[in-house]
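Novice: return a 3D structure for these sequence lines:
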Amino acid sequence: MFKITHAIETGLFKSRYLLMPLYIGLVGVLVLLAIRFVQEFVNIILHFGDETGQEFVLEILALLDLTLLANLIIIVIFAGYENFVSRIDAAHDSVDRPHWMGTIDFSGLKIKLIGSLVAISVIELLKDFIELSGEMTVGEGTKWRIYIHLTFVISGVLFAAMDWIADKREAVNINK
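Specialist: Just a heads-up that it's a prediction; the model follows:
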């Protein structure tokens with residue numbers, strides 16, 4: 001019976017490597033995102049001076065949006081891989097290793113993800129408000145973006161509160 005249990009547990013433990021193709025796929029998405037960023041940047045250069053200040057700001061906000069999305073993908077790749085698959089040994093000896101790498105647990109990953117989503121949401125709202133600058137009516141799409149943004153903010157606050165409560169509870173249990 002022990003051999004069967006051990007074989008099942010070994011299989012379960014090794015099943016974490018099924019996540020590898022997902023993280024490799026995210027690296028591919030990151031490459032596509034970088035290509036898109038370069039395309040948008042070249043477009044800004046080619047049309048520089050032909051557009052209004054408002055259009056220029058909107059294009060810059062689009063670049064910021066792509067950059068924040070790329071940051072989010074990197075956080076998910078590094079933290080997710082190290083939390084759920086394996087330690088990235090190649091990064092441990094590198095001087096360029098991000099300081100947060102290897103220190104973000106699942107709870108920290110949630111907070112970073114929700115923070116990134118809030119930042120991306122803010123940029124989308126800012127783009128909407130810049131486009132609406134001459135109008136006084138807010139469209140249905142903008143209203144939904146505001147609701148979604150508020151949902152992200154409230155979710156972030158609730159995640160942080162749950163983590164704070166869990167940390168306090170663990171601290172109380174440790175002292176007993």
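
Novice: domain ranges for the chain, per the record?
Specialist: The chain resolves into domains spanning 1-90, 105-176 when parsed by automatic domain parsing.

Novice: give me the distance from the first one to the chain's centre.
Specialist: Averaged C-alpha coordinates place domain 1-90 at 8 Å from its chain's average position (Cα atoms, centre = their mean, to the nearest Å).

Novice: first to last residue in that domain, what's the distance?
Specialist: Domain 1-90 has an end-to-end distance of 39 Å (Cα to Cα, to the nearest Å).

Novice: where in the protein is pLDDT low?
Specialist: 99-106, 132-139, 169-176 (pLDDT under 70).

Novice: what ranges do the helices span in it?
Specialist: Listed in chain order, the helices of the chain (DSSP state H) span residues 2-14, 20-46, 53-84, 89-92, 106-131, 140-175.

Novice: could I get the domains of the chain as CSV with distance to residue 98?
Specialist: Just so you know, the C-beta spots here come from the backbone N, C-alpha and C atoms, and that holds for glycine as well. Putting those into CSV (distance: least, Cβ to Cβ, whole Å) gives the following:
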stretch, distance to residue 98
domain 1-90, 7
domain 105-176, 12
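
Novice: tell me how far the most centrally placed residue in the chain lies from residue 42.
Specialist: In the chain, the centroid-proximal residue (Cα atoms, centre = their mean) is residue 72; its distance is 2.6 Å. Distance, residue 72 to residue 42, by Cβ to Cβ, to the nearest Å: 23 Å.

Novice: please apply the same query to residue 86.
Specialist: Residue 86 is 38 Å from residue 42, by Cβ to Cβ.
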